[in-house]
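# Here is my input, please return the structure:
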Amino acid sequence: MSKKNIALLAGGYTGEYEVSINSAKNIAANLDADKYNVYTILINRDRWFYQADGELVDIDKNDFSLMLNGIKIKFDSVFITVHGTPGEDGKLQGYLDLIGLPYNTCDATTSAITMNKAYTKVLVHGIRNLNAAKSVKLLKNDLHDVSSIAATLNFPLFVKPNNGGSSVGMSKVHSVAELPAALEKAFHEDSQILVEEFIKGREFSRGIARLHGKLVVLPATEIISSKEFFDYEAKYTPGVSQEITPAHLTNEQNQIISDILTEIYIRLNCRGMVRIDFILQEDTGDFYFIEVNTTPGQSANSLIPQQVRAAGMDVKNFYGDIIEASSIGY
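Model prediction:
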């Protein structure tokens, strides 16, 4: 059996560039070398390139190919692990669709929609047992009356970029006086922002993937942050937050959560692996939706690899199954 050529796409145009590089290193280390020739392609605003023996070789964007030692390398499949734009918001997916190359993530439409937190909340509205925090979406060019925001929503509030990833530009505010600075911080990251009520409770993240044609919900991870919320520092600084995988949940809670996640995945027409973040509200235990991540982090200690191991699955087989699924379009 001939080996498949896999383009492992990493980097991107955001502050999550290094996170993406770490994801790519772990994926490359866990792809079966007997089945796949893996080429890590780095992308930034200036160029898309492959590093070969210290030399940078540019990708031919006409057909996404690579010329190495006089030989043209074409790819059987693309594994996108670019967090943020252009890998998580549908731009790369649209390009790959145009040239007819299969890839591992959701399609362009789903990727673009799930990157927009406000749109996603509208689409998942009405799913049984699913709640969403009350929120207001603001556009950068509009006038922002903090008093009317304060009158509409109950403090404390979360202010966050509508299209951001990894909690960059996010703030928790407790009073009207803190709103202007929080709005400015979020607008620095995005032209649309979301102001939403804070839901007090336990925070979780849980992967779901289509493997061998069947939807598999991975064990949940509970995130306990020593900071006020799970921000960029808490996500990527060792020791700032504690991650418990598998999370301590009752059988009933596990079943309800699995059903909700499955419905979200189907309703949004997801593909490959996604990670869904949510809160179980204190006192009520109600499920509150946070967001869908369509290119979740894949470094060795990231949540999806943790959850795959907790499920008793082999990470190498898991990534292989994701690639094989991408080749047949689900």
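# Residue 95 sits in which helix or strand?
helix 91-99 (DSSP states H and E).
# Format the CA atom coordinates belonging to stretch 36-44 as CSV.
Once non-C-alpha atoms are left out, stretch 36-44 reads as follows in CSV (Å, rounded to 0.1, in the frame of the first residue of the first chain):
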residue,chain,number,x,y,z
TYR,A,36,1.7,8.8,5.9
ASN,A,37,4.4,11.1,4.6
VAL,A,38,3.8,14.2,6.7
TYR,A,39,4.9,17.6,5.4
THR,A,40,4.4,20.5,8.0
ILE,A,41,3.5,23.6,6.0
LEU,A,42,3.8,26.9,7.9
ILE,A,43,1.6,29.8,6.8
ASN,A,44,1.8,33.4,7.7
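# Mind checking what secondary structure residue 5 has?
strand (DSSP: H, G, I helix; E, B strand; the rest coil).
# I figured it hits residue 35, correct?
No: Residue 5 is beyond contact range of residue 35, at 11.0 Å (criterion: CB atoms under 8 Å). Bear in mind the C-beta positions are built from the backbone N, C-alpha and C, glycine included.
# ok so, going back, for the helix holding residue 95, name the packing helices and strands.
strand 77-80, helix 108-115 (3 or more CB pairs under 8 Å, 6 or more residues apart in numbering; DSSP states H and E).
# which stretches of the stretch 1-150 of the chain form helices?
17-29, 91-99, 108-115, 117-124, 146-152 (DSSP state H, counting those that start in this stretch).
# Just tell me which of those helices ends up closest to residue 307.
Nearest to residue 307, of all the helices of the stretch 1-150 of the chain, is helix 17-29, at 14.0 Å by CB to CB.
# Can you list the buried residues in the closest one?
If you call a residue buried by 16 or more other CB atoms under 10 Å, then helix 17-29 has these buried ones: 17, 19-28.
# Out of those residues, which is nearest to residue 170?
So of the buried residues of helix 17-29, ranked by how close each gets to residue 170 (CB to CB), first place is residue 19, at 15.7 Å.
# just checking, the closest one touches residue 301?
No: counting by CB under 8 Å, residue 19 sits too far from residue 301 to count as a contact (11.6 Å).
# May I ask you to name the longest helix in this structure?
For the chain, the helix with the greatest residue count under DSSP state H is helix 251-267.
# Need the residues that contact that helix.
123-124, 127-130, 204, 206, 208, 215, 217, 220, 249, 270, 274, 276, 278, 280, 285, 287, 289, 292 (CB atoms under 8 Å, 6 or more residues apart in numbering).
# if you set the cut-off to 6 Å instead, what comes out?
124, 127, 129-130, 208, 215, 217, 276, 287 (CB atoms under 6 Å, 6 or more residues apart in numbering).
# Adding neighbour count, write the residues you listed out as TSV.
As requested, the contacts of helix 251-267 are exported to TSV (neighbours: other CB atoms under 10 Å):
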residue	neighbour count
124	19
127	19
129	11
130	20
208	22
215	14
217	21
276	26
287	23
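# between the residues you listed, which is nearest residue 318?
Once CB to CB is applied, the member of the contacts of helix 251-267 that ends up nearest residue 318 is residue 208, at 12.5 Å.
# OK, contacts around that closest one?
So residue 208 contacts 217, 261, 265 (CB under 6 Å, 6+ apart).
# May I ask you to confirm that residue 38 is in contact with residue 4?
No: judged on CB atoms under 6 Å, residue 38 makes no contact with residue 4 at a distance of 9.4 Å.
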